[in-house]
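# sequence and predicted model, in that order:
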Protein chains: 2
Amino acid sequence: MGKGEETKRAILQRGLDMASQVGLEKVTIGSLAAAMDMSKSGLFAHFQSKENLQLEILEYAADDFAENVVIPAVRKPPGIERIRALVDRWVRWGAKLTGGCIFVTAATEFADRPGKVREALKRQQQEWIESLQKMADSAVKAGAFRTDADREQFAFDLYSLLLGFHYYQRMLDDTETRKRREAALERLLDTYRSTGEPRPAGH
Amino acid sequence: MGKGEETKRAILQRGLDMASQVGLEKVTIGSLAAAMDMSKSGLFAHFQSKENLQLEILEYAADDFAENVVIPAVRKPPGIERIRALVDRWVRWGAKLTGGCIFVTAATEFADRPGKVREALKRQQQEWIESLQKMADSAVKAGAFRTDADREQFAFDLYSLLLGFHYYQRMLDDTETRKRREAALERLLDTYRSTGEPRPAGH
């Protein structure tokens, strides 16, 4: 990685963390330059516009998410183990960001603002849902899920669970949140599990 | 209701809708006065500060939510019927606001901002979770839920489902969202339902 590319990544990482805390809308060339003690013109040379900066932060976040959440999970054997790995990785990824998952935060901010940022977010959410659906597909193929498991319903159910965890953890300061998430995941897996698949001890 | 009180309610209703669209943080005495074609000093007389305006909008929203979601549901017989009514009402309440549920939006905005607004939001979220827990309690007492149903887990599961619905509807423009929500609710109710409780036809 060249020096210019390295600097750009450092800026995007800082922008991502800032967006997770204060919202993507507040990450501008000016505010990010100030936070990094850089000149506005230096940042402008990298990103040209606020919208482009926001789009590049989302792309950077999506690459980081793929690399640290989806890809490591897909390296696990298909089925229950892969799904558990995905949930663990998702939780760890959100915890790494000061303000929690950027995609949840930005989706709330941009749901009503038509434009390139909303389009990018929507595409990323669709890709995420698609990853969850593929998890269900591969679980069926591996014999871990019932053959009639509804892949789209599974994606909805798992994403809901993660959103519930996100809100409980961020707003309620609930110490029981981890237990809730784990119980919800067991209930979810029980619904989709093929009867041939052994349950883990204690469940 | 006196004229002054009526004006104040009209301002709060507009502030609520504005908050649901652009975020509570952007609702200030200045921006709300401009949106309503009123003088800043007129609004200032009602609310004194931005923080106070935001707190009053949240309180107004909570009263409206109680009146249109929780109270009508609690008028239904305890158990499955009451829970279904709560979900239906929750969905309708969010649909009434241009930008969707204000509590979900504001929780995302204020999770990292310590202060009176976050405290108020947290208290409201706790009350909401408590309402959900009471729904489980009364369902157990009415014999609709298993006697060992975990009230806290039920609240987490139901809130997660509603959040999943919220995000799917707002970001993905998914026409199947209603079907997903209904299937998730059936799965949820099946988990907690006592074996003696008859299932609805077709499930």
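All right, it came through fine. Numbers count the residues shown, from 1 in each chain, chains lettered A, B, ... in the order given.
# got the CA coordinates for stretch A:20-28 in PDB?
Taking C-alpha atoms only, stretch A:20-28 is exported to PDB below (Å, rounded to 0.1, in the frame of the first residue of the first chain):
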ATOM      1  CA  SER A  20     -20.900   5.600  14.100                       C
ATOM      2  CA  GLN A  21     -20.900   8.100  16.900                       C
ATOM      3  CA  VAL A  22     -22.500  11.300  15.600                       C
ATOM      4  CA  GLY A  23     -24.100  10.000  12.400                       C
ATOM      5  CA  LEU A  24     -22.900   9.900   8.800                       C
ATOM      6  CA  GLU A  25     -24.600  13.100   7.900                       C
ATOM      7  CA  LYS A  26     -22.300  15.000  10.300                       C
ATOM      8  CA  VAL A  27     -19.200  13.600   8.700                       C
ATOM      9  CA  THR A  28     -18.100  16.400   6.300                       C
END
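# roughly how far apart are the spatially closest residue to A:Glu127 that is not a sequence neighbour and chain B?
Leaving aside its sequence neighbours, A:Glu127 sits nearest to A:Ala62 (CB to CB, 6 or more residues apart in numbering or on different chains; 7.7 Å). (C-beta placed from N, C-alpha, C; glycine too.) Using CB to the nearest CB, to the nearest Å, A:Ala62 is found at 15 Å from chain B.
# okay, now A:Ala62: neighbour count?
Neighbourhood size, A:Ala62 [other CB atoms under 10 Å in any protein chain shown]: 19.
# please apply the same query to the one 5 residues further on.
Using other CB under 10 Å, A:Glu67 is surrounded by 11 other residues.
# so what touches the helix or strand hosting the residue nearest to A:Glu127?
Assigned by DSSP states H and E, A:Ala62 belongs to helix A:50-65. Residues outside helix A:50-65 that contact it (CB atoms under 8 Å, 6 or more residues apart in numbering or on different chains): A:9, A:12-13, A:15-16, A:19, A:24-25, A:27-29, A:32, A:43, A:47, A:93, A:102-103, A:106, A:115-117, A:120-121, A:124, A:127.
# related to what we said a few turns ago, mind pulling up the pLDDT for the residue nearest to A:Glu127?
Per-residue confidence at A:Ala62 stands at 96 (pLDDT).
# with A:Gln21 instead?
On the pLDDT scale, A:Gln21 gets 84.
# likewise the one 10 residues further on?
Reading off the per-residue confidence, A:Ser31 sits at a pLDDT of 95.
# which helices and strands sit right next to the helix ranked longest in chain A?
In chain A, taking DSSP state H as the definition, the longest helix is helix A:116-141. Applying 3 or more CB pairs under 8 Å, 6 or more residues apart in numbering or on different chains; DSSP states H and E, one finds that helix A:116-141 makes contact with helix A:50-65, helix A:80-96, helix A:102-110, helix A:151-171.
# swap in 6 Å and give it another go.
Using 3 or more CB pairs under 6 Å, 6 or more residues apart in numbering or on different chains; DSSP states H and E, the elements in contact with helix A:116-141 are helix A:50-65, helix A:102-110, helix A:151-171.
# so which elements touch the last one?
Using 3+ CB pairs under 6 Å, 6+ apart as the contact criterion, the secondary-structure elements in contact with helix A:151-171 are helix A:116-141, helix A:177-192, helix B:151-167, helix B:177-192.
# what do you get for the shortest one?
On a contact count with 3+ CB pairs under 6 Å, 6+ apart, helix A:102-110 meets helix A:116-141, helix B:102-110.
# go again using 7 Å as the cut-off
helix A:3-22, helix A:116-141, helix B:102-110 (3 or more CB pairs under 7 Å, 6 or more residues apart in numbering or on different chains; DSSP states H and E).
# pick the most deeply packed of those.
Highest mean neighbour count of the helices and strands packed on helix A:102-110: helix B:102-110, a mean of 24 (counted as mean count of other CB atoms under 10 Å in any protein chain shown).
# state the mean pLDDT of that helix.
On average, helix B:102-110 scores 88.
# and the angle for it with helix A:3-22?
Angle of helix B:102-110 versus helix A:3-22, following axes from the mean of the first three to the mean of the last three CA atoms, to 10 degrees, is 130 degrees.
# ok, residues contacting helix B:102-110?
A:23, A:104-105, A:108, A:167, A:171, B:16, B:19-20, B:23-25, B:58, B:61, B:99, B:117-118, B:121, B:124-125, B:163, B:166 (CB atoms under 7 Å, 6 or more residues apart in numbering or on different chains).
# apply 6 Å and report the result again.
Contact partners of helix B:102-110, identified using CB atoms under 6 Å, 6 or more residues apart in numbering or on different chains, comprise A:105, A:108, A:171, B:19-20, B:23-25, B:61, B:117-118, B:121, B:166.
# nearest to A:Val74, of those?
The closest of these to A:Val74 turns out to be A:Thr105 (CB to CB; 25.2 Å).
# coming back round to it: can you give the distance from the helix holding A:Ala62 to the centre of its chain?
Distance of helix A:50-65 from the chain centroid (CA atoms, centre = their mean, to the nearest Å) equals 13 Å.
# would you indicate which residues of it are buried?
Of all the residues in helix A:50-65, those buried under the rule 16 or more other CB atoms under 10 Å in any protein chain shown are A:Lys50, A:Leu53, A:Gln54, A:Leu55, A:Glu56, A:Ile57, A:Leu58, A:Tyr60, A:Ala61, A:Ala62, A:Asp64, A:Phe65.
# chain B: which of the residues you listed is nearest?
Minimum distance to chain B across those is 13.0 Å, recorded for A:Leu58 (CB to the nearest CB).
# distance of that closest one from A:Ala106?
7 Å (CB to CB, to the nearest Å).
# picking up where we left off before, for the contacts of helix B:102-110, give me TSV that also has distance to B:Val70.
As requested, the contacts of helix B:102-110 are exported to TSV (distance: CB to CB, whole Å):
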residue	distance to B:Val70
A:Thr105	27
A:Thr108	23
A:Met171	18
B:Ala19	20
B:Ser20	19
B:Gly23	25
B:Leu24	21
B:Glu25	26
B:Ala61	13
B:Val117	22
B:Arg118	22
B:Leu121	17
B:His166	17
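# now the helix or strand of chain A with the lowest mean pLDDT and helix A:151-171, what's the angle there?
The weakest-scoring helix or strand in chain A, judged by mean pLDDT, DSSP states H and E, is helix A:102-110 (a mean of 88). When the same axes, to 10 degrees is applied, the directions of helix A:102-110 and helix A:151-171 differ by 90 degrees.
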